[in-house]
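S.K.: Build the 3D model from these lines:
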Amino acid sequence: MTDRRSSVSLRKTANAFMSFTNAVHSRARSEERSSCHGFDDLAVVSNRHTSNEEETLAGLEDDNEELPHRNRLESESSLCKQFHVFGMQRANSDPFLNAGKEDEEEVGIEIGLPIPSNPRRHARARMLTEEENALPTLNRYPFAETKNRNCWSCPPHDVFMIRGPNYLNDKKKISCRQFLLQGRGCDLFLSDHPEKVDMAKLKGALGGNFRKKPSFLVRFIFPWGLLVLYFEVPEKFRPYLKLHGGSQQPDVVVNAMDGFSSAERTLAKWFAGDTEYKNDRLKLIAFVPDGPWIVRNMVTGRPAIIGKKLPVSYKYVPKEVNRDEFLVCDLDIGSSKPAAKRIVSVCRRYMSSLTVDIGFVVEAQCEEDLPEEMFGALRIHQADPIRSPTV
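M.R.: Numbers count the residues shown, from 1 in each chain. A predicted model of the protein is given here:
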């Protein structure tokens with residue numbers, strides 16, 4: 001008796017399963033037939049399939065919130081408008097502000113519709129490309145993975161001695177009190193033609209973050225590559241950065257510097273000056289706090305007007321959409337001058353075994369420009385060119 005009941009139960013279960021399977025196949029065939037009748041019928045099928053889900057979710061939504069109105073799409077023009085409405089809804093609700101617009105364009109491209117050009121989207125794509133193509137940059141010290149080698153940091157400002165308030169009379173120097181520009185980082189690149197590397201076109205500089213802030217760059221151009229130091233330009237100096245080599249001379253723009261210290265006025269005038277003005281005043285101060293004795297004895301922290309020792313050039317690149325402006329100063333270490341050759345020889349031999357402080361100051365040549373302040377400095381910890389990317 002028990003076996004008979006079990007057999008009947010199994011047959012009922014099997015029959016129920018077969019009925020369910022036939023229903024699924026029948027529904028699938030019905031959907032395939034309906035899909036052959038064009039986009040309008042497909043929309044009807046889609047609405048029928050989603051109605052149950054909408055009814056289920058209705059209890060979770062705000063009673064006062066209107067559901068998006070779904071019109072039938074009758075033409076390419078109408079379809080474009082619908083995608084635009086969908087994009088606006090997404091942009092207003094999505095924390096990723098432009099996600100709706102990007103989805104709109106992706107869908108339009110997929111079905112072959114003409115999509116208008118979007119400069120903001122291209123700018124976002126450029127920034128994404130910068131981050132995706134980020135070049136390896138020197139890490140911020142300390143960095144355990146490299147045992148604190150191949151890193152950068154900001155040195156103590158008081159290690160630099162600069163001209164005091166009465167220097168023109170007593171020739172006394174004082175310790176630097178602050179850096180006018182904050183260091184952002186450092187890149188070391190290898191290149192067969194370093195003098196041809198254009199920072200405005202180079203993707204991925206400073207780990208992909210280079211054009212996110214207004215910057216002043218100093219590039220040491222060696223025969224084998226580039227050492228690039230990055231400094232952030234504060235908002236107060238940006239108007240003068242744009243005047244580089246312009247018709248307004250440094251003495252003319254002084255009247256717009258209310259509230260500036262003497263050192264800030266000196267730097268603002270330097271930004272606004274032409275190449276000759278800059279080269280007559282830009283001083284480099286270098287220390288070697290850690291390294292071979294021969295190098296420490298050679299690099300003593302004595303200031304040098306770098307424009308009188310090496311070929312120096314400047315280039316200003318204005319702001320673009322989502323890409324900030326910058327001024328770059330190129331120091332041609334690969335020139336044929338004896339001073340350049342000595343620097344190249346020392347760097348090639350000892351760069352990976354020394355820690356060097358590289359600082360810059362605009363020379364105060366009149367009493368109202370005193371006292372001086374360093375406008376920026378970086379400390380390079382045992383940089384190894386062998387580990388550097390090639391550009």
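S.K.: pretty sure residue 311 is touching residue 329, no?
M.R.: No - using CB atoms under 8 Å, residue 311 is not in contact with residue 329, being 11.5 Å away. All C-beta atoms are positioned from the backbone trio N, CA, C, and that covers glycine.
S.K.: Neighbour count for the two, which is higher?
M.R.: Higher neighbour count among residue 311 and residue 329: residue 329, with 21 against 17, using other CB atoms under 10 Å.
S.K.: The more buried one falls within a helix, correct?
M.R.: No - according to DSSP: H, G, I helix; E, B strand; the rest coil, residue 329 belongs to no helix; its state is strand.
S.K.: roughly how far apart are it and residue 362?
M.R.: Counting by CB to CB, to the nearest Å, the gap from residue 329 to residue 362 is 12 Å.
S.K.: which neighbours do these two share?
M.R.: Shared contacts of residue 329 and residue 362 (CB atoms under 8 Å, 6 or more residues apart in numbering): residue 282.
S.K.: Outline the domain layout of the chain.
M.R.: The chain breaks down by automatic domain parsing into domains covering 1-36, 137-387.
S.K.: follow-up on the earlier one: mind listing the shared neighbours of residue 311 and residue 329?
M.R.: In contact with both residue 311 and residue 329: no residue, using CB under 8 Å, 6+ apart.
S.K.: which of the domains of the chain sits most buried?
M.R.: domain 137-387 (a mean of 17; mean count of other CB atoms under 10 Å).
S.K.: for the record, mean pLDDT for it?
M.R.: The average pLDDT for domain 137-387 rounds to 91.
S.K.: Need the distance between the two termini of that domain.
M.R.: 10 Å (CA to CA, to the nearest Å).
S.K.: And stretch 368-378, by the same measure?
M.R.: The separation between the terminal residues of stretch 368-378, taken as CA to CA, is 27 Å.
S.K.: Tell me which residues touch the nearest residue to residue 143 once chain neighbours are set aside, please.
M.R.: Nearest residue to residue 143 in three dimensions, chain neighbours excluded: residue 151, at 5.0 Å (CB to CB, 6 or more residues apart in numbering). Neighbouring residues of residue 151 by CB under 8 Å, 6+ apart: 138-143, 380-382.
S.K.: rerun at 6 Å
M.R.: Neighbour list for residue 151: 138-139, 141, 143, 381 [criterion: CB atoms under 6 Å, 6 or more residues apart in numbering].
S.K.: Distance check, it against residue 188.
M.R.: For residue 151 relative to residue 188 (CB to CB), the value is 11 Å.
S.K.: Kindly report the same for residue 391.
M.R.: 11 Å.
S.K.: again, but for residue 320
M.R.: From residue 320 to residue 188 the distance is 26 Å (CB to CB).
S.K.: Likewise for residue 317?
M.R.: Applying CB to CB to residue 317 and residue 188 gives a distance of 21 Å.
S.K.: Surely residue 278 is within a strand?
M.R.: No - looking at residue 278 with three-state DSSP, it is helix, so not inside a strand.
S.K.: close enough to count as contact, residue 343 and residue 335?
M.R.: No - when contacts are counted by CB atoms under 6 Å, residue 343 is not listed as touching residue 335 (10.0 Å).
S.K.: Okay, strands next: where are they in the protein?
M.R.: 139-140, 151-153, 161-163, 173-175, 182-190, 215-222, 225-232, 282-290, 304-305, 312-317, 326-332, 355-362, 374-381 (DSSP state E).
S.K.: Next, format these as CSV and append distance to residue 207.
M.R.: Formatted as CSV, those follow (distance: least, CB to CB, whole Å):
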stretch, distance to residue 207
strand 139-140, 9
strand 151-153, 12
strand 161-163, 31
strand 173-175, 32
strand 182-190, 7
strand 215-222, 13
strand 225-232, 10
strand 282-290, 25
strand 304-305, 31
strand 312-317, 19
strand 326-332, 16
strand 355-362, 20
strand 374-381, 15
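S.K.: and residue 243, which of those is closest to it?
M.R.: strand 312-317 (8.9 Å; CB to CB).
S.K.: relative orientation of the closest one and strand 282-290 in degrees?
M.R.: 100 degrees (axes from the mean of the first three to the mean of the last three CA atoms, to 10 degrees).
S.K.: partners of strand 312-317 in the sheet?
M.R.: Applying DSSP bridges, strand 312-317 is found paired with strand 326-332 (antiparallel).
S.K.: Measure how the partner strand sits relative to strand 355-362, angle-wise.
M.R.: Using the same axes, to 10 degrees: strand 326-332 against strand 355-362 is 110 degrees.
S.K.: For strand 326-332, give me every contacting residue.
M.R.: In contact with strand 326-332 (CB under 6 Å, 6+ apart) are residues 199, 215-221, 241, 244, 310-317.
S.K.: Kindly report the same for stretch 366-384.
M.R.: Stretch 366-384 is contacted by residues 141, 149-153, 155, 160, 162-165, 167-168, 176, 179-181, 183, 186, 188, 229, 231, 262-263, 266-267, 351-352, 355-361, 364 when judged by CB under 6 Å, 6+ apart.
S.K.: what does stretch 299-313 give?
M.R.: For stretch 299-313, contacts defined as CB under 6 Å, 6+ apart pick out 279, 282-288, 330-332, 335, 339-340.
S.K.: And the furthest pair within those residues?
M.R.: For the contacts of stretch 299-313, the maximum inter-member distance is 25.1 Å, found between 279 and 288 (CB to CB).
S.K.: Name the residues linked to the closest residue to residue 200 other than its chain neighbours by a beta bridge.
M.R.: Once flanking residues are discounted, residue 200 sits nearest to residue 317: 4.7 Å by CB to CB, 6+ apart. When bridges are called by DSSP bridges, residue 317 pairs up with residue 326.
S.K.: first to last residue in stretch 301-310, what's the distance?
M.R.: End-to-end distance for stretch 301-310, by CA to CA: 18 Å.
S.K.: show me where the stretch 101-250 of the chain has helices.
M.R.: 119-132, 167-170, 238-241 (DSSP state H, counting those that start in this stretch).
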